[in-house]
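Asks: got a predicted structure here, sequence first:
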Amino acid sequence: MKDTFYVTTPIYYINSEPHIGSAYTTIVADVVARYKRLDGYDVFFLTGTDEHGQKVLQAAEARNMSPQAFCDELAGKFQKLWKELKITNNQFVRTTDEIHMNTVQHFIKKMKENGDIYKGQYEGWYCVPCETFWTEEDIGKEKICPSCGREVKRVKEENYFFRLSKYNDALLKLFRENPNFVQPDFRRNEMLKILEGGLRDLSITRTSFKWGVPMPDDPEHVIYVWVDALINYISAIGYPHDMEKFEKYWPADVHLIGKEINRFHSLIWPAMLMSAGLPLPKQVYAHGWLTVNGQKISKSLGNAIDPREFVKTYGNDAVRYYLLKDIQFGRDGDFSEENLITRINADLANDLGNLLHRTQAMIKKFNDDIIPEPYENDTVDKGLISLAKKTVTAYKEYMDKLKFTQALETIWELVKYGNKYIDLTEPWKLGKLPDKKERLNTVLYNLAEVLRLVSLMIAPIMPDTANEIFKRIGKQAVENFETLEWGRLEAGLSIVHGSPLFPRIDLKEHRWVSRVSEESASKKAEIEETANLIEIRDFAQVELRIGKILEAEKIKKSKKLLKLQIDLGDLGRRQIVAGIAQHYEPEKLIGLKVVVVTNLKPARLMGEESKGMLLAAKDGQKLTVLTVHRDVEPGAKIS
Ligand code: MSP
């Protein structure tokens with residue numbers, strides 16, 4: 001039976017669409033999965049979507065959709081994108097899948113049976129975009145989320161807690177005994193520091209909203225989205241409904257994640273598994289963050305570019321090659337379109353493209369398109385063969401350690417040497433000398449063999465290119481790594497010609513994918529710097545409340561003004577004069593919940609006192625009073 005290999009990506013929040021940064025983990029995981037499959041493993045590659053929690057709920061509300069309909073739409077978009085990027089995941093898990101939700105409840109029950117869950121009062125700080133609880137020290141004086149820099153919310157709720165602190169020592173032991181449990185080392189050390197400082201128990205339920213998995217036996221509580229999400233790694237492979245499959249693939253060989261979610265995967269998740277009595281994953285690998293053209297990826301900067309745009313312009317394989325070669329896996333890196341083009345022109349069009357083109361042209365010219373039988377190898381050939389063998393060994397070592405940049409560098413030494421080998425052996429001269437036919441055949445065979453080995457090695461990273469090169473040298477499609485050794489190419493195959501694999505990109509006539517947004521991003525950044533931006537405390541000076549209109553009447557002699565009596569809850573009842581008479585019949589306003597500025601200095605308009613102001617949106621000539629889409633009590637504060 002084949003050995004198994006289980007690789008996962010984080011499951012993505014579906015509050016917004018994927019960009020090149022979120023596609024990064026999935027592309028890397030796909031490279032790992034393809035590599036292991038070629039290496040003979042029975043691979044399970046899992047990705048999916050994280051669909052519960054307040055952030056997704058808010059995104060659905062903003063679109064006026066039910067959370068489930070919203071999730072269905074967005075999950076579909078992720079699935080479609082992965083298909084287009086030729087991602088070979090074995091499954092796509094969704095946290096709203098019934099099977100997953102049952103597993104979450106089962107898992108929580110196990111933790112409870114183990115005495116690890118108790119009820120308590122949570123009072124602290126919560127970051128909705130990160131769905132993360134923070135301590136007072138974490139958020140500092142500014143009360144800002146240390147992960148995303150946004151404002152945190154004060155939360156006070158009765159919650160269930162997980163005794164995370166109980167597992168502090170066991171985790172320390174795990175880290176000390178398995179130095180590779182978290183990689184790279186500097187990320188492991190960050191986690192060790194947290195452990196050495198001591199873990200606190202974790203609040204694992206919420207009661208302020210309902211969009212989540214209900215707590216078993218207490219459905220007023222929904223399970224904290226991170227606890228729910230982490231369990232995807234086992235619900236998707238059969239825990240506990242298909243234990244045979246689960247036991248086949250679990251523990252995961254590697255969880256690939258971004259650096260900002262390391263704590264959840266390296267500390268909380270193993271502790272949860274210990275509590276439920278399950279084996280731990282073998283490794284968590286936390287990679288760095290991508291910027292685009294030097295800037296943080298964000299919707300507001302306009303650089304959250306759909307990865308499809310790059311793929312359409314440069315090709316899927318070229319984008320994959322660039323990401324794996326230029327961004328050192330584990331470190332932060334910049335996705336620069338200029339560098340991508342440089343890689344395409346230098347490495348792909350020039351080095352690899354030339355080697356293929358020259359080899360094919362010579363086999364055509366000197367041997368009627370047939371790969372010849374090699375004869376004796378001389379010293380130059382032996383140099384090439386020895387380099388090829390060394391390359392294969394180094395390549396595997398690097399790939400096994402997820403050192404993709406180095407793996408590709410190694411392959412490219414061979415590619416470059418292949419081109420040099422042509423210059424050294426001068427086949428065009430050999431072709432003119434009939435008594436050198438055997439020598440010529442050896443050279444041609446060796447070149448085709450280099451191409452075969454190179455394409456096999458790049459297959460996990462550039463699957464289409466690898467298949468295409470295989471076809472060009474007369475083979476069907478990429479085989480597995482059993483044939484990843486020198487001399488396995490069969491002589492006698494007929495080569496197939498085709499257009500250049502990677503045409504050179506001429507910068508003069510080039511249409512950039514990110515230039516436009518680069519410009520708009522810098523423009524926006526400029527505007528942000530110079531415009532009259534206000535501080536949050538400036539905004540906080542305006543007191544906004546929900547008011548209920550109790551009475552409304554026209555003011556005599558005024559075409560524009562209406563006199564309103566408004567219930568403002570604890571602030572009592574107030575009269576406000578509003579300039580909306582041309583847009584609303586007074587009686588239509590009665591009962592409406594509106595947004596009121598309550599700390600405006602009182603004024604007299606047409607002899608009537610006005611204590612506050614209504615907010616309204618102006619659309620051309622039309623004025624629309626702001627209301628709320630759900631029932632909110634009069635007096636409720638707006639922030
Ligand atoms: N839903 C959680 C994960 C739960 S896993 C049990 C989550 N989702 S996320 O959508 O916010 O992020 C998913 C992944 O995308 C993370 O690994 C994150 O690091 C990655 N990236 C998002 N933007 C990124 C960049 N700009 N660069 C690289 N990766 C980034 O967290």
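Replies: Perfect, I can see it now.
Asks: so where do the helices sit in the stretch 101-250 of the chain?
Replies: Along the stretch 101-250 of the chain, the segments classed as helices by DSSP state H, counting those that start in this stretch run 136-139, 168-177, 185-197, 225-230, 232-235, 243-249.
Asks: do you know which of the ones you listed lies nearest residue 305?
Replies: Nearest of the helices of the stretch 101-250 of the chain to residue 305, taken as Cβ to Cβ: helix 225-230 at 25.9 Å. Backbone N, C-alpha and C define where each C-beta goes, glycine included.
Asks: say whether the ligand is contacted by that closest one.
Replies: Yes: counting by Cβ under 6 Å from any ligand atom, the ligand is contacted by helix 225-230 at 229-230.
Asks: render the CA-only coordinates of that helix in CSV, please.
Replies: Provided in CSV are the C-alpha atoms of helix 225-230 (Å, rounded to 0.1, in the frame of the first residue of the first chain):
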residue,chain,number,x,y,z
VAL,A,225,-15.6,30.5,14.6
TRP,A,226,-12.0,29.6,15.1
VAL,A,227,-12.8,26.4,17.0
ASP,A,228,-15.4,25.6,14.4
ALA,A,229,-12.9,26.2,11.6
LEU,A,230,-10.0,24.3,12.9
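Asks: who touches it?
Replies: Identification of contacts with helix 225-230 by Cβ atoms under 8 Å, 6 or more residues apart in numbering yields 11, 50, 52-54, 95, 104, 108, 131-132, 162, 202, 204, 212-213, 264-265, 268-269, 272.
Asks: out of those residues, which are close to the ligand?
Replies: Restricting the contacts of helix 225-230 to those near the ligand - Cβ under 6 Å from any ligand atom - leaves 11, 50.
Asks: sorry, back to before: now the helices of the stretch 101-250 of the chain as JSON lines including mean pLDDT, mean neighbour count and distance to residue 331?
Replies: As requested, the helices of the stretch 101-250 of the chain are exported to JSON lines (pLDDT from 0 to 100; neighbours: other Cβ atoms under 10 Å; distance: least, Cβ to Cβ, whole Å):
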{"stretch": "helix 136-139", "mean pLDDT": "86", "mean neighbour count": "13", "distance to residue 331": "25"}
{"stretch": "helix 168-177", "mean pLDDT": "98", "mean neighbour count": "15", "distance to residue 331": "21"}
{"stretch": "helix 185-197", "mean pLDDT": "96", "mean neighbour count": "14", "distance to residue 331": "9"}
{"stretch": "helix 225-230", "mean pLDDT": "98", "mean neighbour count": "25", "distance to residue 331": "25"}
{"stretch": "helix 232-235", "mean pLDDT": "98", "mean neighbour count": "24", "distance to residue 331": "25"}
{"stretch": "helix 243-249", "mean pLDDT": "98", "mean neighbour count": "14", "distance to residue 331": "29"}
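Asks: distance to residue 626 added to these, as CSV?
Replies: Output for the helices of the stretch 101-250 of the chain, formatted as CSV (distance: least, Cβ to Cβ, whole Å):
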stretch, distance to residue 626
helix 136-139, 31
helix 168-177, 49
helix 185-197, 44
helix 225-230, 30
helix 232-235, 39
helix 243-249, 52
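Asks: ok, which stretches of the stretch 401-550 of the chain are helices?
Replies: Counting by DSSP H, counting those that start in this stretch, the stretch 401-550 of the chain has helices at residues 404-425, 427-430, 437-458, 463-472, 515-530, 536-540.
Asks: and the residue of the stretch 1-150 of the chain that's closest to the ligand?
Replies: Going by Cβ to the nearest ligand atom, the ligand is nearest to residue 21 of the stretch 1-150 of the chain, at 2.5 Å.
Asks: rank the helices of the stretch 401-550 of the chain by mean pLDDT and give me the bottom one.
Replies: For the helices of the stretch 401-550 of the chain, mean pLDDT drops lowest on helix 515-530, to a mean of 49.
Asks: hang on, the earlier thing: element containing the residue of the stretch 1-150 of the chain closest to the ligand, please.
Replies: Taking DSSP states H and E as the definition, one finds residue 21 inside helix 20-38.
Asks: out of the helices of the stretch 101-250 of the chain, which comes closest to residue 88?
Replies: In terms of Cβ to Cβ, the element of those nearest to residue 88 is helix 243-249, at 15.7 Å.
Asks: give me the beta-bridge partners of whatever residue of the stretch 201-350 of the chain ends up closest to the ligand?
Replies: Per Cβ to the nearest ligand atom, residue 258 is where the stretch 201-350 of the chain lies closest to the ligand, at 1.6 Å. Judged by DSSP bridges, the bridge partners of residue 258 are residue 287.
Asks: ok, residues contacting stretch 129-140?
Replies: By Cβ under 8 Å, 6+ apart, stretch 129-140 touches 53-55, 122, 124-127, 145-148, 150, 152, 155, 200, 202-203, 224-226, 260.
Asks: let's go with 7 Å and repeat that
Replies: 53-55, 124-127, 145-148, 150, 152, 203, 225-226 (Cβ atoms under 7 Å, 6 or more residues apart in numbering).
Asks: with stretch 328-340 instead?
Replies: The contact list for stretch 328-340, computed with Cβ under 7 Å, 6+ apart, reads 20, 28, 184, 287-294, 314, 322, 326-327, 402-405, 512-514.
Asks: how does it look with 8 Å?
Replies: 20-21, 28, 183-184, 187, 285-294, 310, 314, 318-319, 322-323, 326-327, 402-405, 512-515.
Asks: flag every buried residue along stretch 130-149.
Replies: 130-134, 138-139, 144-147 (16 or more other Cβ atoms under 10 Å).
Asks: again but with stretch 420-435, I slipped
Replies: Neighbour-count burial for stretch 420-435 flags 421-422, 425, 427, 430-431 (criterion: 16+ other Cβ under 10 Å).
Asks: residues contacting the residue nearest to residue 35 when sequence neighbours are not counted?
Replies: Excluding its sequence neighbours, the residue lying closest to residue 35 (Cβ to Cβ, 6 or more residues apart in numbering) is residue 460, at 3.9 Å. Going by Cβ under 8 Å, 6+ apart, residue 460 touches 31-32, 34-35, 38, 399.
Asks: try 10 Å
Replies: 30-39, 88, 320, 324, 399, 404, 407, 466, 478 (Cβ atoms under 10 Å, 6 or more residues apart in numbering).
Asks: and residue 53, by the same measure?
Replies: Residue 53 is in contact with 13, 15, 59, 67, 95, 128, 131, 206, 209, 211-212, 222-226, 228-229, counting by Cβ under 10 Å, 6+ apart.
Asks: any idea of the pLDDT on it?
Replies: 93.
Asks: go on, residue 142?
Replies: Residue 142 is assigned 84 on the pLDDT scale.
Asks: so residue 408 makes contact with residue 325?
Replies: Yes: using Cβ atoms under 10 Å, residue 408 is in contact with residue 325, at 4.6 Å.
Asks: narrow the contacts of residue 53 to those in strands?
Replies: In this view, the contacts of residue 53 that belong to strands under DSSP state E are 13, 206, 222-223.
Asks: which of these are close to the ligand?
Replies: Near the ligand, taking Cβ under 6 Å from any ligand atom as the test, the members of the ones in strands among the contacts of residue 53 found are residue 13.
Asks: okay if I get the ones in strands among the contacts of residue 53 as a markdown table plus neighbour count, pLDDT and distance to residue 370?
Replies: Putting those into a markdown table (neighbours: other Cβ atoms under 10 Å; pLDDT from 0 to 100; distance: Cβ to Cβ, whole Å) gives the following:
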| residue | neighbour count | pLDDT | distance to residue 370 |
| --- | --- | --- | --- |
| 13 | 21 | 92 | 55 |
| 206 | 25 | 93 | 69 |
| 222 | 22 | 97 | 68 |
| 223 | 25 | 97 | 65 |
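Asks: and residue 576, what does it touch?
Replies: 547, 549, 562-566, 568, 594, 596-598, 600, 602-603, 605, 608-614.
Asks: now it: phi and psi?
Replies: Phi and psi for residue 576, reported as degrees, to the nearest 10, are phi -130, psi 140.
Asks: and it, bridged to which residues?
Replies: With DSSP bridges applied, residue 576 shows beta-bridge pairing to residue 564.
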